[in-house]
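Undergrad: Structure of the sequence below:
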Amino acid sequence: MKIIDEKLLKDLKDARLKERELVLVVLKYLIAVEERNLHLQLGYSSLYSFCTGELNYSEDEAYIRIQAMRLMKVVPKIEEKIESGRLLLTVAAKAQTVFKRKEKEKQALSAWEKEQVLESLFGKSVRAAEKTIASQFPEARPPKEKIRPLTEELTEIEFTA
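TA: Purely as a prediction, here's the structure:
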């Protein structure tokens, strides 16, 4: 029985490595789709709607992949970090969201500055990375407000004061 369990765990770990490789492949395909405007040719108004409609990603999965893909276009060095698992997709997406917000505020970071921020996020969990990002960019923290319907009569409202 022990050998079967060990094989199961080994196979699971091997599958996890392949999964990381495939995520990187998906991100590279998304770059090509965006560069060629294939999503527009298929009638989708955005890459996001293409990912949710054509690829059947959930809203969160689509957003995370698109943000990580866009970050990868600007900072190609992160490819290896994503593939190795040292940079989680969610963390990459959160960093890209802050970088984009800084651009909109006309305070864009240079590629070198982005690399420095990303280096501080390597190997961190999502929560730890959120704390690091918040400490580096306190002004960029979005207001924490969520509205979620629970039933027809009840709505959950969450905010930070």
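Undergrad: Let me see the ranges of the helices in this structure.
TA: Using DSSP state H, the helices of the chain run over residues 2-36, 38-41, 47-53, 59-74, 78-84, 89-104, 111-119, 126-136.
Undergrad: I'd like to know which elements the last one is packed against.
TA: Yep, that's helix 126-136 we're talking about. Secondary-structure packing of helix 126-136 (3 or more CB pairs under 8 Å, 6 or more residues apart in numbering; DSSP states H and E): helix 89-104. Backbone N, C-alpha and C define where each C-beta goes, glycine included.
Undergrad: Now do the buried residues in the helix it packs on.
TA: Leu89, Thr90, Val91, Ala92, Ala93, Lys94, Ala95, Gln96, Thr97, Val98, Phe99, Lys102 (16 or more other CB atoms under 10 Å).
Undergrad: before we move on, what about stretch 38-52?
TA: Quick answer for stretch 38-52 (16+ other CB under 10 Å): His39, Tyr44, Leu47, Tyr48, Phe50, Cys51, Thr52.
Undergrad: One more: stretch 76-88?
TA: Within stretch 76-88, the residues scored as buried using 16+ other CB under 10 Å are Ile78, Lys81, Ile82, Glu83, Leu87, Leu88.
Undergrad: Between the buried residues of stretch 38-52, which sits nearest Glu61?
TA: Cys51 (7.6 Å; CB to CB).
Undergrad: List the residues that contact the nearest residue to that closest one once chain neighbours are set aside.
TA: Once flanking residues are discounted, Cys51 sits nearest to Ala62: 3.6 Å by CB to CB, 6 or more residues apart in numbering. By CB atoms under 8 Å, 6 or more residues apart in numbering, Ala62 lies in contact with Tyr48, Cys51, Thr52, Leu55.
Undergrad: Relative to Glu80, how far out is the closest residue in space to the third one that isn't next to it in sequence?
TA: For Thr52, the nearest residue in space outside its immediate sequence neighbours is Ala62; the separation is 5.0 Å by CB to CB, 6+ apart. Ala62 sits 24 Å away from Glu80 when distances are taken as CB to CB, to the nearest Å.
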